[in-house]
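Novice: How does the following fold in three dimensions:
(one chain, ligands or ions: 2)
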Amino acid sequence: MSYDEEYNKWKNNPNSFWEKKATNIHWIKKWDKVLESTETHSWNWFPGGQLNTCYNCLDIHIENGNGNKKALIYDSPITGLKKSYTYNELLHKTTKIAGALKQHGVNKGDRVLIYMPMIPEAVASMLACARMGAIHVVVFGGFAPNELATRINDSKPKVIIAGSCGIEPGKIIEYKPMLDKAIELAKFKVNICFIYQRSICEAKLIYGRDFNLQNLIDSSNSIEPVAVKSTDPLYILYTSGTTGDPKGMVRENGGHAVALKASMEMVYGMKPGEVFWAASDIGWVVGHSYIVYGPLLNGCTSVLYEGKPTGTPDAGSFWRVISEHNVSVMFTAPTGLRAIKRDDPNGEEIKKYNLEKFRMQFLAGERADPTTIEWTEKHLNVPVIDHWWQTETGWAIAGNFAGLGLFKVKPGSTGKPSPGFEVVCLDNNNKEKPNGEIGSLAIKLPLPPSCSSTLWQDKERYKTSYLNEFPGYYSSADAGYIDQDGYISVMARTDDIINCAGHRLSTGAMEEVLSKHNDIAECAVVGVDDELKGQIPIGFIVVNSGTVTSNEIIIKETIHMVRNEIGPVASFRKAIIVKRLPKTRSGKILRNTIASIFDNKPFKIPGTIDDPNILVEIKDSINK
Ligand code: COA
Ligand code: AMP
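Specialist: Ligands and ions are numbered 1, 2, ... in the order given. So this is what the prediction gives:
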């Protein structure tokens, strides 16, 4: 089937397209309708249907005689550990964790927060929640206690499952003290924690509240998968919004299973039994979709890699993993490849490994610069495919489709829309822009299966965030253009989100932290270009008149505050003191203009600027 045929098949009859895909999933009760949508742009996929996502990921493959096939390969250069888990073994771990959750009072619909490093118990914990119909809330390890507390307050978990520590190159990150602090900060009180003790750094457990996860796995009963509604949430994943309050993206069981399974073949061309590797973290959407659910739904082997592209131990780690585990298709963020290219510009490390089985390299998470794509293609000698993604969608909005006869890859473009997505490029008046002109990228409603249709217990915020700007469309908050061949290029965010090392960060949230400093009158945090991370945040700070604290100390304190309140993942390492911030006459800070000045890029002086002289002052402060 070619891309055009498949896309048109969807466009001509979306319900029949998704109905067919849904037959690849095991349903306990068939759905009443494929799609139910209302005038007010609410929609439900497969209402009336019942299924269990964990059953579709594990039990079904065992029942089909594949229990001894590898489900998960844990490769951890950071600890020196390597271990494979068959479908039987992964199910065993999963069902025991589910049993322990049940024993501690977790029921269908309850939330379980998971704050863990990249270890097999993290994957099994997610699947355990799915097995019992509990809703998992995974929080990335690089977030500080304050961020964790925000997520505890919003999701109100009955149990938290955490690791005693994470391991970063050259340092151990003790998770347990951060967890204790978060529980202390949170208004919602959590009474039960399961802690996985890593031998490198065992945590002190609080009697009566904390339980050793391994002991629970050893002693619990297994439980059977429960039937959940197609529209019941499988998970909540918090992602940066424009303020300090993260958005709790809700993923529903039915649509998610259908779209993710379909995407494994359509987008990545993966067959059951093949090895897929997403070098991401389970704390991000890519980790949810393509370390855990997608590969397992499709009966593939998934690689869980606890390491970095470089330094664990060298720039050949990715190629070692691909070669050693016979990876067919890999997915990473361009920043990882830029790190490798920086350390190994001539691709010498690549030559050391047999990459015979490796078919394709997929990229997403940030704009893939053509130089990195070309370097990777040249040295790996496989197609390098950029595709466009959001936490909100859970799978690719656009790409080049390995399962639909890859078409011409255009470096710099994220490809054509996935079947299921009608993407348009709009101007401020909701009119389509001519081909090649930059505008707001939006997706016609209803969104396809897997895409969130609400935020956790906040439908209204979902509407104001995504649906109100362009009536009838989902606003992606990405700016870009569509060329005459229908290829989509994603150029920048239209809000104050930045993509730093493939991580989605809110500069607004950083400004909120900076504003708490007693000596700061006002501030702006902007994303500027960075050769390795794509973008990094920089603070521009105006101090109160009469402040006696030195500029150096204020800057140091702000860096410390962001690290403490948001986490090291924010990569906030630089701030500049300025006399004033450039603003429009209505008082809006001209953040894009500041970023252009910093990056030495040409920019138009906005006609609405209050005082153009401030731009000169900003340039002087940067050059100081
Ligand atoms: N737990 C605790 N801390 C973490 C963490 C985790 N899981 N992940 C990152 N951090 C910390 C890092 O140790 C670092 O701390 P530091 O300021 O004390 O040095 C900080 O957060 C920033 O980390 P990072 O942004 O990863 O930068 P880096 O310089 O350590 O590494 C790269 C740069 C490019 C190698 C790395 O960002 C990378 O591998 N990126 C790929 C990202 C990715 O897979 N994204 C998923 C989307 S597909
Ligand atoms: P996240 O929700 O963390 O996956 O981040 C989503 C955002 O990352 C998108 O809104 C884009 O801004 C950016 N992004 C993801 N994939 C791409 C891509 N292939 N090209 C450009 N930007 C991308």
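
Novice: What segments of the stretch 301-450 of the chain are strands?
Specialist: 301-305, 327-332, 360-363, 384-386, 398-399, 416-417, 423-426, 439-444 (DSSP state E, counting those that start in this stretch).

Novice: Those strands: which one's closest to ligand 1?
Specialist: strand 327-332 (5.9 Å; CB to the nearest ligand atom). Placement of C-beta: from N, CA and C, glycine included.

Novice: is any part of the closest one close to ligand 2?
Specialist: No: Strand 327-332 is not in contact with ligand 2 by CB under 6 Å from any ligand atom; minimum separation 11.1 Å.

Novice: and residue 538, how many neighbours?
Specialist: For residue 538, the neighbour count with other CB atoms under 10 Å is 22.

Novice: mind giving me TSV with the strands of the stretch 301-450 of the chain and columns for distance to ligand 1, mean neighbour count and mean pLDDT?
Specialist: Listed next are the strands of the stretch 301-450 of the chain as TSV, based on distance: least, CB to the nearest ligand atom, whole Å; neighbours: other CB atoms under 10 Å; pLDDT from 0 to 100:
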stretch	distance to ligand 1	mean neighbour count	mean pLDDT
strand 301-305	10	24	98
strand 327-332	6	24	97
strand 360-363	8	22	97
strand 384-386	12	26	96
strand 398-399	14	28	98
strand 416-417	20	24	98
strand 423-426	20	20	98
strand 439-444	19	22	97
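
Novice: Include distance to residue 378 when you put the ones you listed into TSV, please.
Specialist: Putting the strands of the stretch 301-450 of the chain into TSV (distance: least, CB to CB, whole Å) gives the following:
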stretch	distance to residue 378
strand 301-305	24
strand 327-332	17
strand 360-363	12
strand 384-386	9
strand 398-399	21
strand 416-417	24
strand 423-426	30
strand 439-444	30
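
Novice: For residue 140, find the nearest of the ones you listed.
Specialist: Proximity to residue 140 (CB to CB) singles out strand 301-305 among the strands of the stretch 301-450 of the chain, at 15.1 Å.

Novice: Just list the residues touching the residue in the stretch 351-500 of the chain that ligand 2 sits nearest to, thanks.
Specialist: Going by CB to the nearest ligand atom, ligand 2 is nearest to residue 391 of the stretch 351-500 of the chain, at 3.3 Å. Applying CB atoms under 8 Å, 6 or more residues apart in numbering to residue 391 gives the contacts 237, 239, 249, 284, 285, 504.

Novice: at 6 Å what do you get?
Specialist: Residues in contact with residue 391, defined by CB atoms under 6 Å, 6 or more residues apart in numbering, are 237, 239, 249, 285.

Novice: Just the ones of those in helices?
Specialist: Counted as lying in helices by DSSP state H, out of these, are residue 285.

Novice: those helices in the stretch 151-300 of the chain, which residues are they?
Specialist: Per DSSP state H, counting those that start in this stretch, the stretch 151-300 of the chain carries helices over the ranges 175-185, 213-219, 253-266, 285-287, 294-297.

Novice: Work out for me the element the nearest residue to residue 574 once chain neighbours are set aside sits within.
Specialist: Leaving aside its sequence neighbours, residue 574 sits nearest to residue 538 (CB to CB, 6 or more residues apart in numbering; 5.0 Å). Following DSSP states H and E, one finds residue 538 within strand 534-543.

Novice: ok, and for that strand, which residues are buried?
Specialist: Neighbour counts over strand 534-543 (16 or more other CB atoms under 10 Å) mark 534, 535, 536, 537, 538, 539, 540, 541, 543 as buried.

Novice: For the third one, give its distance to ligand 2.
Specialist: What it means is residue 536. Here residue 536 is placed at a distance of 15 Å from ligand 2 (CB to the nearest ligand atom, to the nearest Å).

Novice: how close does the residue in the stretch 351-500 of the chain that ligand 1 sits nearest to get to residue 280?
Specialist: At 3.6 Å from ligand 1, residue 365 is the closest residue in the stretch 351-500 of the chain, using CB to the nearest ligand atom. Distance of residue 365 to residue 280, computed by CB to CB, to the nearest Å: 8 Å.

Novice: got any residues that touch both of these two?
Specialist: In contact with both residue 365 and residue 280: no residue, using CB under 6 Å, 6+ apart.

Novice: my guess is residue 108 is in a strand, correct?
Specialist: No: assessed by DSSP: H, G, I helix; E, B strand; the rest coil, residue 108 does not belong to a strand; its assignment is coil.

Novice: And the pLDDT at the nearest residue to it once chain neighbours are set aside?
Specialist: What sits nearest to residue 108 in space, not counting adjacent residues and going by CB to CB, 6+ apart, is residue 133, at 3.5 Å. pLDDT recorded at residue 133 is 98.

Novice: Tally up the residues packed near residue 133, please.
Specialist: Residue 133 is flanked by 24 other residues according to other CB under 10 Å.

Novice: Contact partners for it?
Specialist: Applying CB under 6 Å, 6+ apart to residue 133 gives the contacts 108, 226, 228.

Novice: Phi, psi for residue 503 please.
Specialist: Note on residue 503: its backbone torsions stand at phi -100, psi 140 [degrees, to the nearest 10].

Novice: In the sheet, which residues pair with it? Tell me.
Specialist: residue 500 (DSSP bridges).

Novice: how near is it to residue 254?
Specialist: On the measure of CB to CB, residue 503 and residue 254 end up 29 Å apart.

Novice: Kindly report the same for residue 294.
Specialist: 15 Å.

Novice: quick revisit: for the residue of the stretch 351-500 of the chain closest to ligand 1, list the residues it contacts.
Specialist: Contacts for residue 365 (CB under 6 Å, 6+ apart) come out as 333, 502.

Novice: ok, now with 8 Å
Specialist: 280, 284, 286, 333, 334, 335, 389, 499, 502, 503.

Novice: for the helix or strand where residue 5 lies, which positions count as buried?
Specialist: Residue 5 is located in helix 3-12, with elements delineated by DSSP H and E. For helix 3-12, burial by neighbour count (16+ other CB under 10 Å) applies to 3, 6, 7, 10.

Novice: And for stretch 219-235?
Specialist: For stretch 219-235, burial by neighbour count (16+ other CB under 10 Å) applies to 220, 223, 225, 226, 228, 229, 230, 231, 232, 233, 234, 235.

Novice: which one of the residues you listed sits closest to ligand 1?
Specialist: The nearest member of the buried residues of stretch 219-235 to ligand 1, counting by CB to the nearest ligand atom, is residue 235 at 17.0 Å.

Novice: From ligand 1, how far out is residue 347?
Specialist: On the measure of CB to the nearest ligand atom, residue 347 and ligand 1 end up 17 Å apart.

Novice: right, is stretch 411-418 up against ligand 2?
Specialist: Yes: Stretch 411-418 lies within reach of ligand 2 by CB under 6 Å from any ligand atom, at residue 414.

Novice: so how far is that stretch from its chain's centroid?
Specialist: 19 Å (CA atoms, centre = their mean, to the nearest Å).

Novice: Can you name the residues of the stretch 101-250 of the chain that neighbour ligand 1?
Specialist: So far as CB under 6 Å from any ligand atom goes, the stretch 101-250 of the chain lies against ligand 1 at 141, 142, 166, 168, 173.

Novice: Spit out the contact partners of the last one.
Specialist: Right, residue 173. Going by CB under 8 Å, 6+ apart, residue 173 touches 141, 165, 166, 167.

Novice: mind listing what's buried in the longest helix along the chain?
Specialist: Looking across the chain with DSSP H, the single longest helix is helix 87-103. Within helix 87-103, the residues that count as buried by 16+ other CB under 10 Å are 87, 89-102.

Novice: quick one: residue 21 is in a strand?
Specialist: No: assigned with three-state DSSP, residue 21 falls outside any strand and is helix.

Novice: Number of residues surrounding the nearest residue to residue 585 once chain neighbours are set aside?
Specialist: The shortest distance from residue 585 to any non-neighbouring residue, by CB to CB, 6+ apart, is to residue 610 (5.1 Å). Using other CB under 10 Å, residue 610 has 17 other residues around it.
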